[in-house]
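1. Kindly return the folded structure for what I paste below:
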Amino acid sequence: MITVYDIHDGSLRRRDPAPAAALPAGVWVDLVNPTKEEEHAVETSLGVGVPTREEMREIETSSQLYREGDAAIMTVRVVRRDGSAVAALTDATFILTPRHLATVRYVETKPFSIFCARGDKQGAHIDSLESIVVGILEAVVDRAADILEEVGVGLDTISERIFDQAEAANPGIASADLRTTIQRIGRSGDLAAKVRESLHSLNRAVAFLRTMERVRASADLTARSSTLRKDIQSLLDHNMYIASNIQFLLDSTLGLINIQQNAIIKIFSVAAVIFLPPTLIASIYGMNFVEMPELKWFLGYPTALGLMVLSAILPYLYFKRRGWL
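-> Coordinates of the predicted model:
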């Protein structure tokens, strides 16, 4: 699908797609999951090859940020969630020429939708193709910040579940659903890792954008790109804090699981020690040898039962006094 925007009075205005050869200067061509015919039409208009989906996935910096004639091509990673707990990384490519801007995506992403909604309003301060690129990158960074905030809130909830045992509503260590807790920590770690990869690609893209003459010539774009790099760096620092917090919570949860296992093993060990003397007494008097004088003893049976009960109670009281139970 091709959507064409032009700049009108500082905001974006959507227009009907025109034939490739008739695209006027200063328009933004947004391609979402384009067909081969649509890619060919844009390549004819821009005079630049549109990267394929496989080329956009390449991880080398030379494949993500490069120049082709007068055009600058930048590919960034964008976190996509679609309202679910599972996140995925998708690629978005910017093709900036002196006359046109083209963006290529194969899935719809929220930052682009947010930017288009803002750009349609009056006073959006969009006055050049470069300002569109910077605005989209700002929306991507804002979305990454929102995701990191969500991860941080989720980690706070997990931390309270693990450590705040004083609350009556929270389960104790013995009954806490630690398997679910580990799954939630794992999802948070996966999401933070994807945001970190996205931020690194954005950081490289902004540095590449700042080398362009038309960006350096604009005081507004220079200031915005500088602020954008600072925001990305601060988010990367916050992401490192979140990663360390995730590792701490994971270690703590595994420690609690180890405590649970040790408590269970201790119960079985104490039970084995308590029932060992009664078992020994029962084994002795269950051998039925002929020369055992207690076999014909009138009080032998109740005496044996009493010894077994006494031999079980004494170790229990000893363990209780030592605080092992």
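2. element containing the residue nearest the centre of the chain, please.
-> With distances taken as CA atoms, centre = their mean, the residue of the chain nearest its centroid is Leu191 (0.8 Å). Element membership of Leu191, judged by DSSP states H and E, is helix 178-209.
3. Show me what that helix is packed against.
-> Using 3 or more CB pairs under 8 Å, 6 or more residues apart in numbering; DSSP states H and E, the elements in contact with helix 178-209 are helix 61-64, strand 65-68, strand 71-80, strand 88-96, helix 129-163, helix 219-284. (C-beta placed from N, C-alpha, C; glycine too.)
4. right, so of those, which gets closest to Glu39?
-> Nearest of those to Glu39, taken as CB to CB: strand 88-96 at 11.1 Å.
5. after that closest one comes which helix or strand?
-> Counting by DSSP H and E, the element after strand 88-96 in chain order, helix or strand, is strand 100-105.
6. could you give the mean pLDDT of that following strand?
-> Throughout strand 100-105, pLDDT has a mean value of 84.
7. same check, this time on stretch 308-316
-> Mean predicted confidence for stretch 308-316 is 84.
8. where does this protein have low pLDDT?
-> The chain contains residues with pLDDT under 70 at 10, 16-26, 82-85, 119-125, 164-177, 324-325.
9. Assess the claim that Met12 and Leu129 are in contact.
-> Not quite, residue 12 is Leu, not Met. No - judged on CB atoms under 8 Å, Leu12 makes no contact with Leu129 at a distance of 11.3 Å.
10. Give me the common contacts of the two.
-> Shared contacts of Leu12 and Leu129 (CB atoms under 8 Å, 6 or more residues apart in numbering): Trp28.
11. returning to that earlier point: and the helix holding Leu191 with helix 129-163, angle?
-> For helix 178-209 against helix 129-163, the angle by axes from the mean of the first three to the mean of the last three CA atoms, to 10 degrees is 160 degrees.
12. Check which residues of helix 178-209 are buried.
-> Within helix 178-209, the residues scored as buried using 16 or more other CB atoms under 10 Å are 178, 181-182, 184-185, 188-189, 191-192, 194-196, 198-199, 201-206, 208-209.
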